[in-house]
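*Asks:* I would like the atomic coordinates for the input below:
(one chain, ligands or ions: 1)
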Amino acid sequence: TVGIISVTNDVYDGYTLFNIHTKAYLINNCGEVVNEWNSAYLPGNSVYLLPNGNLLRAGRLDDGSSNIGFGGQGGIVELFDWDGNIIWSFTYSSNQFRQHHDAHPLPNGNVLILAATVVSGQDAIDMGRDPALLPDGELYNQQIIEVEPVLGTTTGNIVWEWNIFDHLIQDFDNTKQNFGVVADHPEKLDINFINNGSGGNNWLHVNSIQYNEERDQITISSRRVSEIYVIDHSTTTAEAATGSGGTYGRGGDLLYRWGNPQAYRQGTEADRTLFGQHTPYFIPSGLPNEGKIILFNNGFQRSPEFSQVDIISPPETSLGVFDYTPGTAYGPLTSDYTYSEPGSDPSDFYSVIVSNAQQLPNGNILVCEGNKGYFFELDSNDNKVWEYVNPINNINGTSTPQNDNATGNLTFRALKYGIDYPAFVGRDLTPGQPLEINPNLSPCDNLSIEEFDINLVNIYPNPTKDKITVESRIPILKVEVTNLLGEIVTRTYNDEIDLSNQQNGIYLLRIFTNNSVVNKRIIKN
Ligand SMILES: O=[N+]([O-])c1ccc(OS(=O)(=O)O)cc1
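*Replies:* Residues are numbered from 1 along each chain as shown. You can find the predicted model right below:
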């Protein structure tokens, strides 16, 4: 079954965005499309809706411009307006560098782009890489560039840059760069730490970058090392290449790391908590679990393999300053919150790749089990209050009949935006068709529309002799008054309805908001 699977009145009131094939879709809680954007490119892989209604989407450039290739490869970043017009695109693709996985918006309009850049085998050896750990004869550095878009063009200004290869340590060869005691330098990455892998060029496989404005910090996820990192974004580019400078005084060194303390010789496999995780980010202030990190812990490389959602509290002495005792692993030892499949077989909830989890303002958590294209929302008791299966095939763009099983619907992430998100102000969000073929929206019947928004809309007086005022916490598009025969007797586009010309009797008020229709019975006497 695809499309809307289940929904209850406890679902968060908002719209879900995802990238599939060459499109980005925004759907309501019934799976009806309220907006879509067309690109020429497959996902490359992230997509974000900006507060002004623009869409930032990474695309997979398959024009042969780069021979850097691995799961998550991209190469081009596009900015669309709400109506789908391209207003900026930026290609970052060559045989020396290629954008992949993420292109993350910054509040100032700039874009953080994640890229792999090629380091030759000889350069890697000079940096201290063990020559036996170079099966591809080269290594990928992970780079983050901040690009200031020049709107209306295909160019941008690179205003900041950070490279993980500026923050290395190694104890393999004391004649080479970066030589030191690995266990004494958790702020550096051991260039010879291979985590159950081949040590191939894509040995880190970083799969997300996320920005936190309050801290001016970036969280980074390495799938291969199974660690997350926090770095300072306040540095200059020059400082970012060193271990000093910036708000936190540590330059571009790692301010925090978590998930696999083997990587800096402060633990064993038993101390490992992350397994190919995705999309760690600091939950912003004002939301439940503010200041904690939420992530999708895929469970790749553990036995049995199963996924979970984790929320952790990194120990801090003040905002963005992490508490660390030399000679130990970074805390915490355990997660504050873990969700895993409640059934007898934990591997029922398992996505070996991609996926994400998002803290929602009402306490719910949206989960994308990416390899199944399965999105679900958990309430604060871990009940599923919304389930949706992406019916679109990522490779050929075809859809699926509602009763069939989806094929190839791998979805990188799902992100939900509340109905009060600024991007939606003044937009036409009239529900369009669902994506599945022969849709069956009956799960939505459970959403008694009246209950759904009952607290959002208030009308008075009722009964009335002439006028009725509609009071609403969400914008009202229009109000229709129908009689018991279903005929519209009057309509208005503001918050006052005049019934003085109508006969006495019972009427139905249909109040159209961006997201729903609220029905109220009224009496004129
Ligand atoms: O097949 N993909 O689209 C794909 C595969 C792997 C991948 O990397 S991961 O770390 O995000 O799982 C991203 C995308």
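
*Asks:* switch to C-alpha atoms for all contacts and neighbour counts from now on
*Replies:* Noted.

*Asks:* which residues of the chain score low on pLDDT?
*Replies:* Across the chain, the stretches falling below the confidence threshold (pLDDT under 70) are 448-456, 473, 514-516.

*Asks:* one more time with 90
*Replies:* Across the chain, residues meeting the criterion (pLDDT under 90) sit at 196-199, 342-344, 426, 428-431, 444-460, 462-463, 470-496, 500-502, 505-525.

*Asks:* Any residues of it in contact with the ligand? List them.
*Replies:* By CA under 6 Å from any ligand atom, the residues of the chain that approach the ligand are Gly71, Gly72, Asn207, Arg223, Ile353, Val354.

*Asks:* From these, which land in strands?
*Replies:* Residues of the residues of the chain next to the ligand located in strands (DSSP state E): Asn207.

*Asks:* can you redo the residues of the chain next to the ligand as JSON lines with neighbour count?
*Replies:* Rendered in JSON lines, the data for those read as follows (neighbours: other CA atoms under 10 Å):
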{"residue": "Gly71", "neighbour count": "14"}
{"residue": "Gly72", "neighbour count": "22"}
{"residue": "Asn207", "neighbour count": "27"}
{"residue": "Arg223", "neighbour count": "25"}
{"residue": "Ile353", "neighbour count": "22"}
{"residue": "Val354", "neighbour count": "26"}
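
*Asks:* In the chain, where's the longest helix?
*Replies:* Determined from DSSP state H, the single longest helix within the chain is helix 121-126.

*Asks:* What is that helix packed up against?
*Replies:* For helix 121-126, the packing partners by 3 or more CA pairs under 8 Å, 6 or more residues apart in numbering; DSSP states H and E come out as strand 138-149.

*Asks:* Give the partner strands of the strand it packs on in its sheet and their orientations.
*Replies:* strand 111-120 (antiparallel), strand 156-163 (antiparallel) (DSSP bridges).

*Asks:* which one of those strands is the most hemmed in?
*Replies:* Neighbour counts (mean count of other CA atoms under 10 Å) averaged over each of these peak at strand 111-120, with a mean of 23.

*Asks:* what comes into contact with that one?
*Replies:* 68, 95-106, 137-149, 208-209 (CA atoms under 8 Å, 6 or more residues apart in numbering).

*Asks:* which stretch among the strands paired with strand 138-149 comes nearest Arg413?
*Replies:* Comparing these against Arg413 with CA to CA, the closest turns out to be strand 111-120 (16.2 Å).

*Asks:* can you map out the helices along this protein?
*Replies:* Using DSSP H, the helices assigned to the chain run over residues 121-126, 237-240, 449-452.

*Asks:* Distance to Asp271 added to those helices, as a markdown table?
*Replies:* Putting these into a markdown table (distance: least, CA to CA, whole Å) gives the following:
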| stretch | distance to Asp271 |
| --- | --- |
| helix 121-126 | 29 |
| helix 237-240 | 30 |
| helix 449-452 | 45 |
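
*Asks:* As CSV, the strands paired with strand 138-149 with distance to Asn458 would be great.
*Replies:* Converted to CSV, these look like this (distance: least, CA to CA, whole Å):
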stretch, distance to Asn458
strand 111-120, 42
strand 156-163, 49
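
*Asks:* wait, which of these is closest to Leu50?
*Replies:* Distances from Leu50 to each of those were compared by CA to CA, and the smallest falls on strand 111-120, at 11.3 Å.

*Asks:* can I get the CA coordinates of that closest one in CSV?
*Replies:* In CSV, the C-alpha atoms belonging to strand 111-120 read as follows (Å, rounded to 0.1, in the frame of the first residue of the first chain):
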residue,chain,number,x,y,z
VAL,A,111,24.2,28.2,1.2
LEU,A,112,26.6,25.7,2.9
ILE,A,113,27.6,23.1,0.3
LEU,A,114,29.1,19.8,1.3
ALA,A,115,31.7,18.4,-1.2
ALA,A,116,34.3,15.7,-1.6
THR,A,117,37.6,16.9,-3.0
VAL,A,118,40.3,14.6,-4.3
VAL,A,119,43.6,14.2,-2.4
SER,A,120,46.2,12.3,-4.4
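
*Asks:* distance between stretch 329-336 and the chain's centre?
*Replies:* Averaging C-alpha coordinates over stretch 329-336 and over its chain gives two centres that are 23 Å apart (CA atoms, centre = their mean, to the nearest Å).

*Asks:* Renumber starting at 7 from here on
*Replies:* In the new count, where the first residue is 7, that last one comes out as stretch 335-342.

*Asks:* Endpoint to endpoint, that stretch covers what distance?
*Replies:* The first and last residues of stretch 335-342 sit 17 Å apart, counting by CA to CA, to the nearest Å.

*Asks:* ditto for stretch 376-386
*Replies:* The straight-line separation of the ends of stretch 376-386 (CA to CA) is 22 Å.

*Asks:* Would you indicate which residues of that stretch are buried?
*Replies:* Residues of stretch 376-386 classed as buried under the neighbour-count rule (16 or more other CA atoms under 10 Å) are Gly376, Asn377, Lys378, Gly379, Tyr380, Phe381, Phe382, Glu383, Leu384, Asp385.

*Asks:* just to revisit the earlier point, any chance of the helices of the chain in TSV, with mean neighbour count too?
*Replies:* Shown next, in TSV, are the helices of the chain (neighbours: other CA under 10 Å):
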stretch	mean neighbour count
helix 127-132	18
helix 243-246	19
helix 455-458	15
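
*Asks:* show me what contacts Leu56?
*Replies:* Leu62, Pro111, Ala429.

*Asks:* send the alpha carbons of stretch 209-221 over as CSV?
*Replies:* Once side chains and other backbone atoms are set aside, the C-alpha atoms of stretch 209-221 remain, and they are given as CSV (Å, rounded to 0.1, in the frame of the first residue of the first chain):
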residue,chain,number,x,y,z
TRP,A,209,36.5,6.4,3.6
LEU,A,210,34.5,9.1,5.5
HIS,A,211,31.3,9.2,3.5
VAL,A,212,30.0,12.4,5.2
ASN,A,213,26.2,12.4,4.6
SER,A,214,24.9,15.6,6.1
ILE,A,215,25.7,19.1,7.3
GLN,A,216,23.3,21.0,9.4
TYR,A,217,23.5,24.6,10.7
ASN,A,218,22.5,25.9,14.1
GLU,A,219,22.1,29.7,14.2
GLU,A,220,22.2,30.2,18.0
ARG,A,221,25.6,28.5,18.3
